[in-house]
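S.K.: Generate coordinates for the sequence data below:
(3 chains)
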Amino acid sequence: MEQEELKNKIYDYVMAAKGKKKLKEKDIIKGVTASTGEAADVVKKAMREMIDVGRLMYSYGGGSSSVEIPSEEYLREKGMIK
Amino acid sequence: MKKYETPLLDELEKGPWPSFVKEIKTAAKKTEAANDELGQLEKSYRDKKGYWKHGGIVGVLGYGGGVIGRYSSLPNEFPGVAHFHTVRINQPSGLFYNTKDLRVILDLWDEYGSGLTNMHGSTGDMVMLGCRTEALEPFFAEVSSRGWDLGGSGSALRTPACCLGKARCEWANIDTMDICHDLTHTYQDYLHRPAWPYKFKFKVAGCAVDCVASIARADCSIIGTWKGNIAVDQAAVQDYAKGGMDIKAEIVDMCPTGCMSYDGKNLSIDDANCSRCMHCISKMTKALKGTGEKGATILIGSKAPIVVGSLLSWVIVPFMKMEAPYTELKEFSEKIWEWWDDNAKPRERTGELIESKGMRSFLEAIEVDPQPQQVYEPRKDPFFFWKDEDLA
Amino acid sequence: MAWLTEQEAKAKRKTDIGPPHYSKMLPPVIAKNYGKWKYHEVFTPGTMVHVAESGDKVYTVRVASPRILATDNIRTMLDIADKYCDGYIRWTTRNNVEFMTTNEANVPLIKKAAEDAGYPAGGIGAGLTNIVHTQGWVHCHSACTDASGLVKAISDELFDYFAEKRLPAKTRFALACCVNMCGAVHCSDLAVVAIHRKVPVIDHDNVKNMCEIPTTVSACPTRAISPDPAKKSIKINPDKCMYCGNCFTVCPPINIHNPEQDGVAIVVGGKVGSLRKGPSFSKLAIPYIKNNPPRWPEVVEAVKNILETYAKGARKHERMGEWIDRIGWEGFFRETGIPFTHQHIDDFTFMRDTMRTSAAFKW
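M.R.: Below you'll find the model as predicted:
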């Protein structure tokens, strides 16, 4: 699968859970691996690249960490949007 | 800058113990953040409650830890602490510093933050207390470009910590500072990018005195020990006796295994019955020394009481050699993480998961055999599981 | 100094480099004798010497610290380290500061310089050292007392046991501003832990918007929380709630803070070392004392009573918990005069193990 296509799938997967369930890295890797047939480390690498450029972000709440769609505030602060 | 009247906090500038109020006031001369911290804290003292919101989602790009979001619930009244985030900087092993490098951090912190620190936080990091969101990235760029990195937070490997070990202690059986440094560097990814059900802590102590409290607050407690006998320097024993030590009362009678005797001249030890608790060695450090093979006891599972009570770590591997690059320890840790990550609910610590899944499930997953050193006593009830393989 | 611009920061930042190697941070005498120390001797509660197999000696002056330190005051400490310690300094795992020198003549000079700066020497051996503590109102949303202020008030009162007077054994004191207990409060000789005593108040509108209901329900260790479908929120059974605050951690609109009812409990007899009696948890001595800032006189009085009763009753080298083991808990409550209440008997997880099942006891 094209990297960009995979990243879009990852993004959609996280988007679908928004406001419903806090996803750990592992949940995303498991979910996207199952739906795309890509290997876990390929999905992990793509997800990490998305986090590195602010397309996804780590979040924290209720005592534990998760991966989420970045808020506008986060993107503005990181210089991703003006 | 706003001038706050602080009659309640001023009471805490009195007395012989160093005053944290003096520290906050020192920083308050320089930064609005520290000044408003002082103002808000006085209000807390008046109202008997804190004015901080739950942590928010802040951090540096690519990392999921190292920064703890903190916002005042009274940002209009105290704008200087509207953002007051914590930045954890990973401490060097053993908490030694050269003043030159530390001064660089202090200068940067005056520029980008409140000028207030904790030396150190409970887990061991240098804690930079009070940073605005927009200062996080440039401050991180400054410190990281000078060779420092952030510590851990959230559902991740937390900053490993150790006692000072061989650097300045004759009791160290293992090189705690090197083990701590090696683990920290080997597992940078786990430290910065929270991927687990909850936190996981390593603490490395050189001996059973455990100056880093590893047995009480590390998921993996690594405690130095030895396998051979205790070497006795009888002349040094006599020196302690001449110096006023009551060898029988203070040493022999306090030995928990009753393995020592003293005839007024010679101190004898029945080494086969010694449990290596460190009492005698710590009291007669010139006279007694552990000999033979050195290594560590690995204990797993301790944590503070939230939620169903505190746990102390359990002995899992009674003795493991500890030589760089610590391959056995790393393979062992990775097996624990795999099992824990596969099985734990959110916010379930390793020790809690062992309780809920059973010790057998854990020991089999990490491929460690049952041994009497792991328990105080065997089970009392006649109810126990049998697996098919046990019946074969 | 000007702030880095966004571009400069991006260009400069490094990731995953970890902390600097400790070898850059070691005084030369420490580096030279690494792993080759022979013995040490404590001179005074604030000074000691370590002697290496090579015959080299390093003298250490340990001083008090409030843990919260301003950069300018750390610089004062670094000035002392530059003047007397070849430009090296360290902190202990209990937040004390240590100055090390190979020149014995520097010891009184370091002591004086640190004292003049407000950081008196002490904390080594059989006495009190820094009270390990948490953030409190200074910096934590979860705090139900202030940590630094209580520690300051207690440390002032017990200062002699840090700087001069000796106790039967070392006494490790810790303080936590809520039951999350950042730090080893649960295994300390003497410790203060802040507690709640009232069922939380629920802001239903915000629970609906901010919290995952199943997560919140499962966060309760006593199953006091259940869903409230009508309100799209949760409800709490007051008979089951033990005020641990875990629900507040996962769901902030469940407010457990109550300034008039929050306060502190005092626990005793824990330790982490395996010496003699093994590591053990601290146990409840006093279930509640109200918050009374700025100096919490009732708490100060209570811990002083426990410490001095121990100091009088314990044998040499006996830690708090070992002394209590010997005289029995009934002896502890008799000697300290602390009343024994319903709160002292475990009715949560450990009742089976903690009730007495023997006809032998003391009066």
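S.K.: The helix or strand of chain A with the lowest mean pLDDT near chain C anywhere?
M.R.: The least trusted helix or strand in chain A, going by mean pLDDT, DSSP states H and E, turns out to be helix A:72-77, with a mean of 83. No. Contact of helix A:72-77 with chain C (CB under 8 Å from any CB of the partner chain) is absent, the minimum separation being 10.1 Å. Just so you know, the C-beta spots here come from the backbone N, C-alpha and C atoms, and that holds for glycine as well.
S.K.: Quick check: closest non-adjacent residue to B:L150.
M.R.: Computed as CB to CB, 6 or more residues apart in numbering or on different chains, the closest residue to B:L150 that is not its neighbour in sequence is B:G66, at 2.8 Å.
S.K.: pLDDT at that neighbour, what is it?
M.R.: pLDDT, B:G66: 96.
S.K.: any idea how far it is from C:R166?
M.R.: The gap separating B:G66 from C:R166 is 41 Å, by CB to CB, to the nearest Å.
S.K.: These two: who's more crowded?
M.R.: Higher neighbour count among B:G66 and C:R166: B:G66, with 25 against 14, using other CB atoms under 10 Å in any protein chain shown.
S.K.: buried set for stretch C:79-96?
M.R.: C:80-82, C:84-96 (16 or more other CB atoms under 10 Å in any protein chain shown).
S.K.: scratch that, stretch B:128-138 is what I was asking about
M.R.: Residues of stretch B:128-138 classed as buried: B:M128, B:L129, B:G130, B:C131, B:R132, B:T133, B:A135, B:L136, B:E137, B:P138 (neighbour count, 16+ other CB under 10 Å).
S.K.: In three-state terms, label B:S333 for me.
M.R.: Classification of B:S333 by DSSP: H, G, I helix; E, B strand; the rest coil places it in helix.
S.K.: Skipping its backbone neighbours, what lies nearest it in space?
M.R.: Using CB to CB, 6+ apart and skipping the chain neighbours, the partner closest in space to B:S333 is B:C220 (6.3 Å).
S.K.: is that neighbour in a bridge, and if so with what?
M.R.: B:F202, B:I300 (DSSP bridges).
S.K.: distance between the strand or helix carrying A:I51 and the chain's centre?
M.R.: Assigned by DSSP states H and E, A:I51 belongs to helix A:40-52. Counting by CA atoms, centre = their mean, to the nearest Å, helix A:40-52 is centred 8 Å from the centre of its parent chain.
S.K.: what are the pairing partners of the helix or strand just after that helix, and which direction each?
M.R.: Once the chain leaves helix A:40-52, the next helix or strand it forms, by DSSP H and E, is strand A:57-61. Partners of strand A:57-61 in the sheet, by DSSP bridges, are strand A:64-68 (antiparallel).
S.K.: So which bits of chain A are right by chain B?
M.R.: Near chain B, when you scan chain A using CB under 8 Å from any CB, you find A:22, A:24-26, A:48, A:51-54, A:57-65, A:67-68, A:71, A:74, A:77-78.
S.K.: If we use 6 Å, what do you get?
M.R.: Contact residues (CB under 6 Å from any CB of the partner chain) of chain A with chain B: A:E25, A:I51, A:D52, A:Y58, A:S59, A:Y60, A:G63, A:S64, A:S65, A:E77, A:K78.
S.K.: Which one of those is nearest to chain C?
M.R.: Nearest to chain C among these, counting by CB to the nearest CB, is A:G63 at 5.1 Å.
S.K.: any idea how far that closest one lies from B:G351?
M.R.: A:G63 is 16 Å from B:G351, by CB to CB.
S.K.: before we move on, the earlier item: tell me which of the buried residues of stretch B:128-138 is nearest to chain A?
M.R.: Nearest member of the buried residues of stretch B:128-138 to chain A, counting by CB to the nearest CB, is B:T133, at 5.6 Å.
S.K.: for the chain, longest helix please?
M.R.: Answering for chain A, as no chain was given. helix A:3-17 (DSSP state H).
S.K.: try again with chain C
M.R.: helix C:297-313.
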